[in-house]
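Student: model this:
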Amino acid sequence: MSNPQAAPKAPPKYRPLTFGVTRAEVREQPDGAQYVRAEQPLDAHAQRMSDRLIHWAREAPDRTFIAQRVRTADGKTGDWRHVTYAQALDAARRIGQALLDRGLSQERPVVVLSDNGIDHALLALGCIYAGVPFSPASPAYSTISKDYGKLRHVVDTLTPGLIWAEDGDRYGAAIAAVAPQGCEVAVSRHADHAHLKGHASTAFADLLATEPTPAVDAAQAATGPDTIVKFLFTSGSTKLPKAVINTNRMWCANQQQMRQSMPVLAEEPPVLIDWLPWNHTFGGNHNVGLVLNNGGTLYIDEGKPTPALMHETLRNLREIAPTLYFNVPTGFEAIANAMKSDAELRRNFLSRVKMFFYAGAALAQPVWDSLFESEEAEIGERIVMTSGLGMTESSPYGLFVTSPNVKAGDLGLPTPGLELKLVPIDGKLEIRYRGPNITPGYWRGPEATAEAFDEEGFFCTGDAVTWIDLDDKHQGLRFDGRIAEDFKLATGTFVSVGPLRGRVIAGGAPFVQDVVITGLNRKEVGALIFPTPAVRSLVDLPADAPMSEVLKQHAVLQKFQSLVTDLSLTATGSANRVARLMLLAEPPSIDKGEVTDKGSINQRAVLKERDALVQALYDETPGNIVIKPGVNL
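Tutor: Model (predicted):
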């Protein structure tokens, strides 16, 4: 008697989400190059981002544009302060007038040193309105850096006429170190800091109190698609950071591209609670632009996906229910862990969110599974986890997934109006961009600009991709690593770093923060692993025990030996077999370019700065613990 067949498992139910681009036109050339574009064209859109502010100030004057918790006397965050669209436009005109009065221009722009905040947002709007470019520099360049080298490079490149900081106490030393002679300094708080003496300083309140005249509205009317809105600096992974020119054309076109690829943006004004830094294109262009273009509301999250600040993010998510939510993988991992036991968080956070979006690194499968489990238990359906591909030079939105059936690494298809060129290089396909959302180049960097574009005007990204399904290219592309990171072993075997790095992070979850793959001109692949604070849960040590001591404990070593053994057993050859690994107690350094303040690792910088550890990994230098597969510890 045969057993009855088990009933087929029902497909998962997702909260409804429409995908705007699901089909592409692909043209292949005899030399192997492929040209890819969405089937639909780019629709008409605004020509200036300031027009969107004016539009929403007229259509929804009392709607909150931006909100931030007020700091109490003891430094804690209190109730929310709201700024409406009408108030934002009024502030933009006042600040814009103040900038014009100072004769600021693209040759003498504004440099912003501080974190996300209301004053930061209003100053940026004033710049946009008056046609004066601004540049938000990474706060880490001022607050973590010891030599202010990258901040000095930013200032030297831009020659600003005004430098603004939220807090004179926090940023005074950095300003004193880099501010050019005659450059005005504006500060929101603590303008009397000792370091600021000798610099012409202005209170931010004075900028905001300036009475607007017809001149500022004339300046707004004189801006156009090619007006430079801002300069965003690259991470400077291999060289000093480059100033990416961001124009109205780029930003406006990209926002329309997002709207067509993500129709959810047109369904209702988006509500975001977001921490992503505005000196990065993800937070500053993608998310702030998404809110401003679509008349939404942005709640500034002063938390971050770190042990010290994640509690603030969770507090905000218990109170603010977003309609869309964006984060990096470490943020989603912390939220997934918290939702397992936090009913209030699950109830509010999942109440009306229609889409999750991650970028910046690989999202481990256990994190996806945990999120789905909490969602199905709380609301009876899953929230689609989306992703895509972009970069500072593309404003940043470029590709977006085509269906809810997303797997780690899936990128989807190009957004309308963006043409892709896939070029065979060393056995991989480099993806290149051409379209209205692509930068015209780097400010005061003609050589770098010339190197960045090919003979057809496509921007060379250095990212590698592959088709999800060669027989159905409408499913789109998936990430295949960075071409510059890939290398050959001494045997001549080519190692594809991106996919292998993803395997290590996924296999080591939740104990692997990031990994750097080694093996150039060696006989086998190795890995340097930055562990997460979760490794402390494996041992019985005081909470303040140094990480170097934690990593020596037997339970930790056993856990990572299991990881390297599993990776070895599932490898298909020497190119994806991790033969040895080392745990790093010292986190990656921003000063040395090993990591950005958004948390993205720089493989090449880590390998350069930690060459001695790479040597020790292979030479098994005494004092350094090298973990190998199948070796009892």
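
Student: so Ala253 sits in a helix?
Tutor: Yes. With DSSP: H, G, I helix; E, B strand; the rest coil as the criterion, Ala253 is part of a helix.

Student: what about it, neighbour count?
Tutor: 26 (other C-beta atoms under 10 Å). C-beta coordinates here come from the backbone N, C-alpha and C atoms, glycine included.

Student: and what of Ala534?
Tutor: Burial of Ala534 is recorded as 15 neighbouring residues (other C-beta under 10 Å).

Student: quick one: the closest residue to it other than its chain neighbours and Leu309, what's the gap?
Tutor: Distances taken as C-beta to C-beta, 6 or more residues apart in numbering place Pro510 nearest to Ala534, at 4.8 Å, with adjacent residues excluded. Distance of Pro510 to Leu309, given as C-beta to C-beta, to the nearest Å: 18 Å.

Student: Who has more neighbours out of the two?
Tutor: Comparing Pro510 with Leu309 by other C-beta under 10 Å, the one with more neighbours is Pro510, at 19 against 13.

Student: The more buried one against Glu333, yeah?
Tutor: Yes. Using C-beta atoms under 8 Å, Pro510 is in contact with Glu333, at 6.2 Å.

Student: Overlap in contacts, these two.
Tutor: Taking C-beta atoms under 8 Å, 6 or more residues apart in numbering as the contact rule, Pro510 and Glu333 both touch Ala364, Val367.

Student: if I pick the residue nearest to Ala534, what's in contact with it?
Tutor: Glu333, Asn337, Ala364, Pro366, Val367, Thr532, Ala534.

Student: Ala616 now?
Tutor: Ala616 sits next to Met582, Asn624, Val626 when contact means C-beta under 8 Å, 6+ apart.

Student: Can you give me the distance of it to Thr386?
Tutor: Distance from Ala616 to Thr386, by C-beta to C-beta: 41 Å.

Student: Check Asp274 too.
Tutor: The value you get for Asp274 to Thr386, if C-beta to C-beta is used, is 16 Å.

Student: Likewise for Glu28?
Tutor: Glu28 is 28 Å from Thr386, by C-beta to C-beta.

Student: residues in contact with the most centrally placed residue in the chain?
Tutor: Centroid check for the chain by C-alpha atoms, centre = their mean gives Phe282 as the closest residue, at 4.5 Å. Going by C-beta under 8 Å, 6+ apart, Phe282 touches Leu276, Phe326, Ala359, Gly360, Pro396, Lys598.

Student: For my notes, confirm it occurs in a strand.
Tutor: No. Secondary structure of Phe282 (three-state DSSP): helix, not part of a strand.

Student: how far away is it from Asp51?
Tutor: Distance of Phe282 to Asp51, given as C-beta to C-beta: 23 Å.

Student: Kindly report the same for Ser201.
Tutor: Going from Ser201 to Asp51 by C-beta to C-beta gives 33 Å.

Student: higher neighbour count, those two?
Tutor: Between Ser201 and Asp51, counting by other C-beta under 10 Å, Ser201 is the more crowded of the two (19 against 15).

Student: Local confidence estimate at the more buried one?
Tutor: Here, the pLDDT recorded for Ser201 equals 83.

Student: what's across from it in the sheet?
Tutor: Under the criterion DSSP bridges, Ser201 forms beta bridges with Val185.

Student: so who does it touch?
Tutor: Counting by C-beta under 8 Å, 6+ apart, Ser201 has contacts Gly168, Glu184, Val185, Ala186, Val187, Ala191.

Student: Dump stretch 431-444 to CSV, restricted to CA.
Tutor: Coordinates of each C-alpha in stretch 431-444 appear next as CSV, following Å, rounded to 0.1, in the frame of the first residue of the first chain:
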residue,chain,number,x,y,z
ILE,A,431,27.6,46.7,-15.9
ARG,A,432,27.8,50.2,-17.3
TYR,A,433,25.1,53.0,-17.2
ARG,A,434,23.9,55.7,-19.6
GLY,A,435,20.9,57.9,-18.9
PRO,A,436,19.6,61.2,-17.5
ASN,A,437,20.3,60.2,-13.9
ILE,A,438,24.1,59.7,-14.5
THR,A,439,26.5,62.4,-13.3
PRO,A,440,28.3,64.5,-15.9
GLY,A,441,31.5,63.9,-13.9
TYR,A,442,33.6,64.8,-10.9
TRP,A,443,34.0,68.4,-9.8
ARG,A,444,37.5,69.7,-10.6
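
Student: And that stretch, how far out from the chain middle?
Tutor: 18 Å (C-alpha atoms, centre = their mean, to the nearest Å).

Student: ok, back up a step: a markdown table for the contacts of Phe282, including neighbour count, distance to Glu609 and pLDDT?
Tutor: Output for the contacts of Phe282, formatted as a markdown table (neighbours: other C-beta atoms under 10 Å; distance: C-beta to C-beta, whole Å; pLDDT from 0 to 100):
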| residue | neighbour count | distance to Glu609 | pLDDT |
| --- | --- | --- | --- |
| Leu276 | 24 | 26 | 95 |
| Phe326 | 23 | 30 | 97 |
| Ala359 | 20 | 25 | 85 |
| Gly360 | 19 | 21 | 73 |
| Pro396 | 23 | 27 | 97 |
| Lys598 | 21 | 19 | 63 |
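
Student: Okay, strands next: where are they in the stretch 351-500 of the chain?
Tutor: For the stretch 351-500 of the chain, the strands defined by DSSP state E, counting those that start in this stretch cover 355-358, 385-386, 388-390, 397-400, 410-414, 419-425, 428-434, 459-467, 477-482, 487-488, 494-495.

Student: and the closest residue to Glu333 other than its chain neighbours, how far is that from Asn327?
Tutor: Spatially, and ignoring its direct neighbours in sequence, Glu333 is nearest to Val367 (4.8 Å; C-beta to C-beta, 6+ apart). Val367 sits 11 Å away from Asn327, taking C-beta to C-beta as the criterion.

Student: what's the neighbour count on Ala200?
Tutor: 12.

Student: can you give me phi and psi for it?
Tutor: phi -60, psi 110 (degrees, to the nearest 10).

Student: now Arg93
Tutor: Torsion angles at Arg93 (phi, psi; degrees, to the nearest 10) stand at phi -70, psi -40.

Student: so who does it touch?
Tutor: Per C-beta under 8 Å, 6+ apart, neighbours of Arg93: Gly126, Tyr129, Pro212, Val216, Asp217.

Student: Quick check: beta-bridge partners of Ile627?
Tutor: Here Ile627, judged by DSSP bridges, has bridge partners Leu581.

Student: That one and Leu557 touch, don't they?
Tutor: Yes. Between Ile627 and Leu557 there is a contact under C-beta under 8 Å: 6.4 Å.

Student: For these two, work out which one has more neighbours and name it.
Tutor: Ile627 (24 against 16).

Student: how about that one, what does it touch?
Tutor: Going by C-beta under 8 Å, 6+ apart, Ile627 touches Leu557, Phe560, Gln561, Val564, Arg580, Leu581, Met582, Leu583, Leu633.

Student: Just the element for the fourth one, please.
Tutor: So that's Val564. helix 554-569 (DSSP states H and E).

Student: Tell me which residues of that helix come out buried.
Tutor: Val556, Leu557, Lys559, Phe560, Gln561, Leu563, Val564, Thr565, Leu567, Ser568 (16 or more other C-beta atoms under 10 Å).

Student: give me phi/psi at the closest residue to Leu371 other than its chain neighbours?
Tutor: Nearest non-adjacent residue to Leu371, counting by C-beta to C-beta, 6+ apart: Ala336, 4.9 Å away. With angles defined as degrees, to the nearest 10, Ala336 sits at phi -60, psi -40.
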